[in-house]
Structures are given as C-alpha cells and as structure tokens.
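K.L.:
fold the stuff below for me.
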Amino acid sequence: MTQNGNLKRRVRARAAKTGESYTAALRHLREAQPRHADTQSVRLAVAQSSLFNDPRDSSALRTSGMEIRRLMRDAHRTGARLIHFPEGATCSPNKRIMSANGPCDVGPSDWTRFDWAVLSEELDAISRLARELELWTVFGSVHRLTPPHRPHNSLYVVSDRGDLVTRYDERMLSHTKISFMYSPGRQPVTFEVDDLRFGCALGMEAHYPEIFTDYERLDVDCVLFSTTGESPSAAPPFAAEALGHAASNAYWVSYAAHAPQSVTVPSGIAAPDGRWKVQCPADGTPAIAITDIATDRDHPARPWRRTARSDLYEAHKIDGDPRSDARNSF
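P.N.:
From the prediction side, this is the model:
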C-alpha cells in the first residue's frame, strides 16, 4: 500500500527495541541515510479544480475525473514532476446531501448514496494517466471503509508509475465531519520525489500549527495542504496560515483549494520566506500554477530553529531577579 512500508516496519522495530517514540526512531533512521547536501528541486504544479459535492450524481463524478486528468495533462506539458489537487477533488460530499435526516437537518451521513462504482472507475483512470505521463499526482477523495465504519477524508498519493504509494487521512476533523461524516486519521504521512520529502495536510488542519511543526521534525521540504474552499469568505485565514507555516518552519507549502474560492485567494505555492511564489488565476476557473521548488540543505534557518526549540536557553536563564522590585519598576 505505501512506498515506505519497509521503513515503517524498521521504525517500529527500533522504537520497540530502544523505547524511543516513533518520531525519534524515524529521525534516527533518516539521519543514518544522509541526503544530498546540495540544492535539490522539483517542478510542482498546484491546481484549483471545480467543486463537485453530490456523490449521487454519476455524471458529475465522471466530469470531475475528466477535469482532473485535463489538468494533469496541462501540468505534464509544463514539465511538472508532481501535481497537487484540493481536498475532495473527485467529490467533496455536501453534509446536507449526505444527511440521513434530510437536507434541512444535518445528521449522520448515508454513505449508500455515494456512487462508489463510478468513483472507482475514475480513480483507476487517474492512476493510468499518472503512469502514462510519469507524473506524481496527489488529490483529495473519500476513502471507503468496510461498513459500518465511516470513510476517511483522504489525500491519495499516486506515483509516476501509477501506483497508490500512500494515503493521508485527515486527522483534525471539523465538528460536522467527526460527528456525522468521517473517521479520523491516525498519523502524518511523508513520501519522496527526486530526493525532496513531502508531507500532507487536509481540510481545516491549517488551523493547527502542531500538524506543521510535526512535519518540520520529520524533515519535509514541502507540505501539500488541500482544502475545499466552498466559501470564498473562508479563504483569507487559511491562506494566511499557509504563508505563516511556510515562514515559521522554513519550508514550502502548496495550498490547493477549489476554484470558487479563487476569487478571494487562488491556489498557490508559498516559499520558505512566507511569500507566494506563484498563484493560480483569481477568476473562479479551474487552472494550475507551476514553479520549481528548491531546497538548500545548507541554509541555516531550519537547523537554528531546531536548536532554539530545544533546551538552548536553559543555561542562559537567570535564577531569581537581581533587582528586588524589578517587576514593578522601570
């Protein structure tokens, strides 16, 4: 199922043997396999796609698949190595359409309303095209579990060979999602393309900085953050947080939302300095934006911030206050 299955087994074995946490064991194994010291780059395309929110509509599911594949071809023509799509790119089920209580009241989702057979056909077609184009493709989709378990809200990672190498399941779900719609995920997910390491985040997880600092500890070069963007008014906070996470963690952040949101903030790729390197058109239409993301392994920002977040300052702190009433005077 995952490209890193053997690595995960080694990490768990080391953690069991040493008593380390999973993250500490993973870092040790990563450091034991040093990466290239020079600057690496990957041409990344970020997409803003149409919003399809009725999983009962088989024609809409097919249309979403065709649009995804059209944007994949557009990215391929630019020389992109990886394309990143929004949350629910295949379909982002509307909570009222799915509610077993009817559209007026939001209740438990009735997942028998989803045309799973058509979705499966579209997923297969996307994978085949990824192999044909030799294009890594990351896109949002609902991941079905065995009933009565609710599905996951997921990001699929399809390699340039057309293989589903890993899947990220949203962990920090909204109130409606956790109450009525989805099962939460359990762990961060990383994968590598041409020696750059990518992490995945989804939905409303931009609101949780611990998701992004955890990926910094996992030594990623870029986080792919996908959200729905159903309401244009919701875009500014998410986009601002994407820029902030890029700057505070000194890595790239790709921000993919649906096209309707682009009239406020389009999809884009934030550089490690916390500024947009490139953005899609702000006109409400499906589109892509492309840039080369490069990581300088010798840049001092990330090593220093890791040092600063450790116990660096403890030895420099003063015990007590040399002035008797310092807290109440200038």
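K.L.:
tell me which residues of stretch 263-281 are tucked away?
P.N.:
The neighbour-count check on stretch 263-281 (16 or more other Cβ atoms under 10 Å) flags 264-272, 274, 276-281 as buried. Where you see a C-beta, it was placed from the backbone N, CA and C, and this is true even at glycine.
K.L.:
of these, closest to Ala256?
P.N.:
Ser267 (4.9 Å; Cβ to Cβ).
K.L.:
tell me the contacts of that closest one?
P.N.:
Neighbouring residues of Ser267 by Cβ atoms under 8 Å, 6 or more residues apart in numbering: Val46, Ala47, Gln48, Pro86, Tyr255, Ala256, Ala257, Gln279, Cys280, Ala287, Ala289.
K.L.:
ok, 7 Å please
P.N.:
Neighbour list for Ser267: Val46, Ala47, Gln48, Tyr255, Ala256, Ala257, Gln279, Cys280, Ala289 [criterion: Cβ atoms under 7 Å, 6 or more residues apart in numbering].
K.L.:
doesn't Pro281 make contact with the last one?
P.N.:
No: Ala289 lies out of contact with Pro281 (Cβ atoms under 7 Å); the separation is 8.3 Å.
K.L.:
now Cys104: how far from Lys95?
P.N.:
12 Å (Cβ to Cβ, to the nearest Å).
K.L.:
between these two, who's got more neighbours?
P.N.:
Remark: of Cys104 and Lys95, Lys95 carries more neighbours, 17 against 7, as counted by other Cβ atoms under 10 Å.
K.L.:
quick check: that one touching Val106?
P.N.:
Yes: using Cβ under 7 Å, Lys95 makes contact with Val106 at a distance of 5.2 Å.
K.L.:
where do the strands sit along the chain?
P.N.:
According to DSSP state E, the chain carries its strands in the segments 40-48, 82-84, 136-143, 152-158, 164-169, 190-193, 196-202, 222-226, 252-256, 268-270, 276-279, 287-295.
K.L.:
switch those over to TSV; also include distance to Trp304 and mean pLDDT.
P.N.:
Converted to TSV, the strands of the chain look like this (distance: least, Cβ to Cβ, whole Å; pLDDT from 0 to 100):
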stretch	distance to Trp304	mean pLDDT
strand 40-48	21	95
strand 82-84	29	98
strand 136-143	30	98
strand 152-158	31	98
strand 164-169	29	98
strand 190-193	23	97
strand 196-202	20	97
strand 222-226	20	98
strand 252-256	18	98
strand 268-270	20	98
strand 276-279	23	98
strand 287-295	16	96
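K.L.:
tell me which of these lies nearest to Pro55.
P.N.:
Smallest distance to Pro55 across those (Cβ to Cβ): 7.4 Å, for strand 136-143.
K.L.:
so that closest one versus strand 222-226, what angle?
P.N.:
Angle, strand 136-143 to strand 222-226, by axes from the mean of the first three to the mean of the last three Cα atoms, to 10 degrees: 40 degrees.
K.L.:
what lines up beside strand 136-143 in the sheet?
P.N.:
Strand pairing for strand 136-143, determined by DSSP bridges: strand 82-84 (parallel), strand 152-158 (antiparallel).
K.L.:
got the strands of the chain as CSV, with distance to Pro237 columns?
P.N.:
Written out in CSV, the entries for the strands of the chain read as follows (distance: least, Cβ to Cβ, whole Å):
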stretch, distance to Pro237
strand 40-48, 17
strand 82-84, 20
strand 136-143, 19
strand 152-158, 20
strand 164-169, 22
strand 190-193, 26
strand 196-202, 15
strand 222-226, 13
strand 252-256, 12
strand 268-270, 14
strand 276-279, 16
strand 287-295, 21
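K.L.:
show me what contacts the residue nearest to Thr18 when sequence neighbours are not counted?
P.N.:
Of all residues not flanking Thr18 in the chain, Ala25 sits nearest, at 6.8 Å (Cβ to Cβ, 6 or more residues apart in numbering). By Cβ under 7 Å, 6+ apart, Ala25 lies in contact with Val11, Arg14, Ala15, Thr18.
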